[in-house]
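In: my questions concern the predicted model and sequence given below.
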Amino acid sequence: MASDIDELGHVNNVVWVGFAVELAMAHSTSVGLDMAAYQKLGGVWVARRHEIDYVRSACLGDEILEETWVVKMRAARSIRRARFLSADGQELVRCRMEWAFVDFDSLRPRRVPPEVLTRFTQIPDANSD
């Protein structure tokens, strides 16, 4: 989208954060946990931290492939990774995100309920701290 492109002619760094959040939400929805499901459970994920490594630029019209997975989920915390690739498989951006599960009303951290834990496959990595 043209609005995602900055003055240098590539996807703006801030836009990648939005892409990563949208991808996490899409993954959650794909396992049956959309916003309505979280409301019923009384809790929701909020972002705590994003670490992004910019490897290559993407420009208007480039096809971008995306992937995400949960590395670890325990107590009230989740660590998620995401990668964005060019059509030929070259890495463009990689992300490490920390999410906190919070009560819908108070926004205070609460334990991830079993109904959420069982929906996500956890794929640990060497840096999953």
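Out: The structure has been received and is ready for your questions. Note that the coordinates shown come from a computational prediction; the quantities given were computed from them, not determined experimentally. Numbers count the residues shown, from 1 in each chain.
In: going forward, measure contacts between C-alpha atoms and count neighbours the same way
Out: Fine.
In: partners of Phe101 in the sheet?
Out: Trp45 (DSSP bridges).
In: so how far is Ala47 from it?
Out: According to CA to CA, to the nearest Å, Phe101 stands 9 Å off from Ala47.
In: which one's more surrounded, these two?
Out: Neighbour totals were compared for Phe101 and Ala47, and Phe101 leads with 24 against 13 (other CA atoms under 10 Å).
In: what's downstream of the helix or strand harbouring Glu67, the next helix or strand?
Out: Element membership of Glu67 [criterion: DSSP states H and E] is strand 64-74. Sequence-wise, the next helix or strand downstream of strand 64-74 (DSSP H and E) is strand 77-86.
In: need the residue closest to the centroid of the chain.
Out: A centroid search over the chain (CA atoms, centre = their mean) returns Ala24, at 3.5 Å, as the residue closest to the centre.
In: contact partners for that residue?
Out: Applying CA atoms under 8 Å, 6 or more residues apart in numbering to Ala24 gives the contacts Thr68.
In: doesn't it belong to a helix?
Out: Yes. Under DSSP: H, G, I helix; E, B strand; the rest coil, Ala24 sits within a helix.
In: distance of it relative to Arg81?
Out: Per CA to CA, Ala24 is found 9 Å from Arg81.
In: now do the shared contacts for those two.
Out: Common contact partners of Ala24 and Arg81 (CA under 8 Å, 6+ apart): Thr68.
In: how distant is stretch 10-21 from the center of its chain?
Out: Taking CA atoms, centre = their mean, to the nearest Å, the mean C-alpha location of stretch 10-21 is offset from the chain mean by 11 Å.
In: name the residues of it that are buried.
Out: Within stretch 10-21, the residues that count as buried by 16 or more other CA atoms under 10 Å are His10, Val11, Asn12, Asn13, Trp16, Val17, Ala20, Val21.
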